[in-house]
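# need a structure here:
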Amino acid sequence: MRDYRGKRMDTGEWVYGYLALPNPKVCRVYEVNDAAIGYQTSAKTGYLFHAVLPETVGQYTGVNAAILWEELTEAQKKAFYDSVKSEDGVTIKYDKIEAVKHLWKALPIYEGDIVEAVLMDGIHRGFSWGRHVVVFDQGAFCLKDRRGQITPMCNYSANVKFKVLGNIWDNPEIMEGSADA
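Next up, the predicted model:
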């Protein structure tokens, strides 16, 4: 089962977990058109559900965002290196490239995110295909530009990574200001 996210109705905070649609046996407090995100708090307490704004619910795409090593702050680099030291406390287990691969895994991309597709290697390293909104269309996660053109995420080559710029609920101005998207 894939993870979902949504904005809580009461606080506006993003919550992450499983999607729970109205079901009299599970979510008695929700109206017909409401949705909830649930996650397990512990084996003893079971699941905790939060009512979320249905329009903000987005599924995890299975793709993770890229962070260029150069974009990290010194504190982030130090924290990463501290997390990958071996038992002797001195030897680093991963080189810089492996460090970046490790960081990609920590940044999931969800429906509704605004991303930029960036070429990560070769002579055109850093080339951008512009800003797009992540959508689910015809059975695939896709990128939709401002003109409405939709391209499946899987059509991008392996040397293209996605950088999350924001999302359409918290940062709609990112797409509005984009001439290329």
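# okay, CA-based contacts and neighbour counts for the rest of this
OK.
# just the strands in the protein please.
Counting by DSSP state E, the chain has strands at residues 4-7, 14-20, 35-42, 46-52, 58-64, 108-110, 113-119, 128-137, 140-144, 150-152, 160-167.
# If you tally nearby residues, what's the number for residue 151?
Using other Cα atoms under 10 Å, residue 151 is surrounded by 18 other residues.
# which regions of this structure lie under the pLDDT threshold?
For the chain, the stretches with pLDDT under 70 are 1-2, 21-47, 67-70, 80-106, 177-181.
# the domain parsing of the chain - what is it?
4-56, 59-176 (automatic domain parsing).
# Ok, which of the strands of the chain comes nearest residue 176?
Proximity to residue 176 (Cα to Cα) singles out strand 128-137 among the strands of the chain, at 10.1 Å.
# So what's the residue count around residue 51?
Neighbour count of residue 51, defined by other Cα under 10 Å: 22.
# same check, this time on residue 78
The number of residues packed near residue 78 is 11, by other Cα under 10 Å.
# tell me the contacts of it?
Contacts for residue 78 (Cα atoms under 8 Å, 6 or more residues apart in numbering) come out as none.
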